[in-house]
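Peer 1: how would this look folded up:
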Amino acid sequence: MEIKPVFLPDVPPPAGHYSPAIVHNGLVYVAGQLPIDPHTGEKKLGSIEEQTEQVLANLRAVLRAAGSDLDRVLKTTIYISDGNLWGKVNEIYARTFGAHRPARAIVPVNELHYGFQIEIEAIAALNEL
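Peer 2: Presented below is the predicted three-dimensional model:
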């Protein structure tokens, strides 16, 4: 089976040595998404709500570029800088995913890159042909 990297159209590639996502064997493995606007490079360092919305928008964009979408997500891993932020994150996450409830893990961490409060990675199924 072929392993295919996924990059967003019209967006510069990541600065680090990784792909935003990898497609293999009918699945999409999405790298950790940070609250950075992919078109402008702006780091969203505002409220946890703003950061969560940007991360989920980034996740959706990568999934769509790979041939999937949020309703095909099987599992997410959510890293948050403070466990007390979980209620606000969960509210936006639930609103974004709607009735779809992927498996997930929440991992409180001491610090995230650039001082962000959230990062989300995911595994999703490709859209059925």
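Peer 1: Surely residue 57 forms part of a helix?
Peer 2: Yes - remark: residue 57 belongs to a helix, assigned using DSSP: H, G, I helix; E, B strand; the rest coil.
Peer 1: Measure how buried it is and give me the count.
Peer 2: Residue 57 has 15 neighbours, counted by other Cβ atoms under 10 Å. Placement of C-beta: from N, CA and C, glycine included.
Peer 1: For this structure, just list every one of the helices.
Peer 2: Under the criterion DSSP state H, helices of the chain are mapped to 48-66, 86-97.
Peer 1: Of those, flag the one that's most buried.
Peer 2: Highest mean neighbour count of the helices of the chain: helix 48-66, a mean of 20 (counted as mean count of other Cβ atoms under 10 Å).
Peer 1: For residue 119, which residues are in contact?
Peer 2: Listed by Cβ atoms under 8 Å, 6 or more residues apart in numbering, the contact set of residue 119 reads 32-34, 55, 78-79, 112-113.
Peer 1: how about the nearest residue to residue 52, chain neighbours excluded?
Peer 2: Spatial nearest neighbour of residue 52, excluding adjacent residues (Cβ to Cβ, 6 or more residues apart in numbering): residue 92 at 4.5 Å.
Peer 1: Run a quick check on the one you found versus residue 55, I expect a contact.
Peer 2: No - with contact defined as Cβ atoms under 8 Å, residue 92 does not count as touching residue 55 (9.3 Å).
Peer 1: Which parts of the helix or strand bottoming out on mean pLDDT in the chain count as buried, going by neighbours?
Peer 2: Lowest by mean pLDDT, DSSP states H and E among the helices and strands of the chain is strand 3-6, with a mean of 94. Buried residues in strand 3-6, counting neighbours by 16 or more other Cβ atoms under 10 Å, are found at residue 6.
Peer 1: contact partners of it?
Peer 2: Contact partners of strand 3-6, identified using Cβ under 8 Å, 6+ apart, comprise 19-24, 28, 62, 65-66.
Peer 1: on that earlier part again, can you redo the contacts of residue 119 as JSON lines with pLDDT and distance to residue 45?
Peer 2: Below are the contacts of residue 119 laid out as JSON lines (pLDDT from 0 to 100; distance: Cβ to Cβ, whole Å):
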{"residue": "32", "pLDDT": "96", "distance to residue 45": "17"}
{"residue": "33", "pLDDT": "96", "distance to residue 45": "15"}
{"residue": "34", "pLDDT": "95", "distance to residue 45": "11"}
{"residue": "55", "pLDDT": "97", "distance to residue 45": "13"}
{"residue": "78", "pLDDT": "98", "distance to residue 45": "18"}
{"residue": "79", "pLDDT": "98", "distance to residue 45": "16"}
{"residue": "112", "pLDDT": "94", "distance to residue 45": "11"}
{"residue": "113", "pLDDT": "92", "distance to residue 45": "12"}
